[in-house]
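Provided below for reference: sequence and predicted model.
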Amino acid sequence: MSLIDEIRRLKKERNAIILAHNYQRPEIQDVADYVGDSIELSRKAMDEKDAETIVFAAVDFMAESAAILNPDKRVLLPTLGARCPMAQMLTIDEIKRAKTAHPQAPLVLYVNTLASAKAYCDICCTSANAVEVIESLDAETVLFGPDRNLAEFVQRKTGKTIIPIPEWGFCPTHLLFQPEDVQILKIQYPDAVVMVHPECSTETQKAADFIGSTSQMCRYARETQAKTLIVGTEEGLLHRLRKDNPTKTFVLAYEGAICPNMKSNTLDRLYKSLKEEKNLITVPEPVAKQARKALERMLELKK
């Protein structure tokens, strides 16, 4: 029996579902029940009422969010070392300092934060709904962490004053994309359209035809008449884009844009986690209770 067959057998035996982020390895995406971005997967985790176990092939903060939203389910992370560097950048001390300096400003935290940070915020957001979340707030000044580039994108879109915390939070993978990369590829592919993630630098965003989350990129790729698309996000998304759009060509804007943390999940590790029910993700209830409010408030905005 192949490893994939073993995983499928165990999944049925454990009454489990496998969720995989768009940046996962192709073989993990192919064995997953659902592939998507963080908000899509959060909703899927909650919708699967009968599942007892969630294997979340992603990074730490996503598995934490699934555990917070599904306290009655086991949530397993195939690789405990799959940690998001951006999430580590925002400390509790930083949050407290910002809230003291701006006591009237609501705090919005990107889901790319640890549960301990989410417990301090008013509402969470994803790259797909950040603008919608900010617009829902009755405030002209908003504290926002931890990605500065997403904060600047939201500020441009909403016209509100967005104060980034920390001042220079970033995704190491998305900062690899540079506008020069896009300009050179546009010479090679003059008819191509360019889509990039809002975690890319502002300069790279300005070189794009479309800026959006991974789910929004998937939708844009389906709907555009363009036959060639230059893509500015982690290379894992190209597997899904090519599967969904076999007649179109997708070119990564920078070939080295690989997140080692996302890619630390492998089929072997997924199998072992499921077989031994190891790498159980838990969040202390006082923290989970507060973080749950912020996540649920986000999810209530749009079904």
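Looks like it arrived, so ask away. Numbers count the residues shown, from 1 in each chain.

domains for the chain, by residue range?
3-83+262-282, 86-164, 174-252 (automatic domain parsing).

Out of these, name the one with the poorest average pLDDT.
Of all these, mean pLDDT reaches its minimum on domain 3-83+262-282 (a mean of 94).

Now for residue 67: which residues touch it?
Residues touching residue 67, when contacts are defined by CB atoms under 8 Å, 6 or more residues apart in numbering, comprise 73, 75, 281, 282, 283, 288. Every C-beta, even on glycine, is put in place using the N, C-alpha and C of the backbone.

element containing it, please.
helix 60-69 (DSSP states H and E).

Now that helix - C-alpha only, PDB.
The C-alpha atoms that make up helix 60-69 are tabulated as PDB, following Å, rounded to 0.1, in the frame of the first residue of the first chain:
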ATOM      1  CA  ASP A  60       1.600  27.300  13.500                       C
ATOM      2  CA  PHE A  61      -0.800  30.200  13.700                       C
ATOM      3  CA  MET A  62      -3.300  28.500  11.300                       C
ATOM      4  CA  ALA A  63      -3.400  25.300  13.400                       C
ATOM      5  CA  GLU A  64      -3.800  27.500  16.500                       C
ATOM      6  CA  SER A  65      -6.800  29.300  14.900                       C
ATOM      7  CA  ALA A  66      -8.300  25.900  14.000                       C
ATOM      8  CA  ALA A  67      -7.900  24.700  17.600                       C
ATOM      9  CA  ILE A  68      -9.400  27.900  18.900                       C
ATOM     10  CA  LEU A  69     -12.500  27.700  16.600                       C
END
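
Which other helices and strands does the helix or strand where residue 29 lies contact?
Counting by DSSP H and E, the element that carries residue 29 is helix 26-31. Helix 26-31 makes packing contacts with helix 3-13, strand 16-21, helix 237-244, helix 267-276 when contacts are defined by 3 or more CB pairs under 8 Å, 6 or more residues apart in numbering; DSSP states H and E.

if you set the cut-off to 10 Å instead, what comes out?
In this structure, helix 26-31 makes packing contacts with helix 3-13, strand 16-21, strand 53-57, helix 237-244, helix 267-276, judged by 3 or more CB pairs under 10 Å, 6 or more residues apart in numbering; DSSP states H and E.

Ok, which of the domains of the chain comes nearest residue 298?
Taking CB to CB, domain 86-164 is the member of the domains of the chain nearest to residue 298, at 4.5 Å.

The closest one: end-to-end distance?
Between the opening and closing residues of domain 86-164 there is a gap of 13 Å (CA to CA, to the nearest Å).
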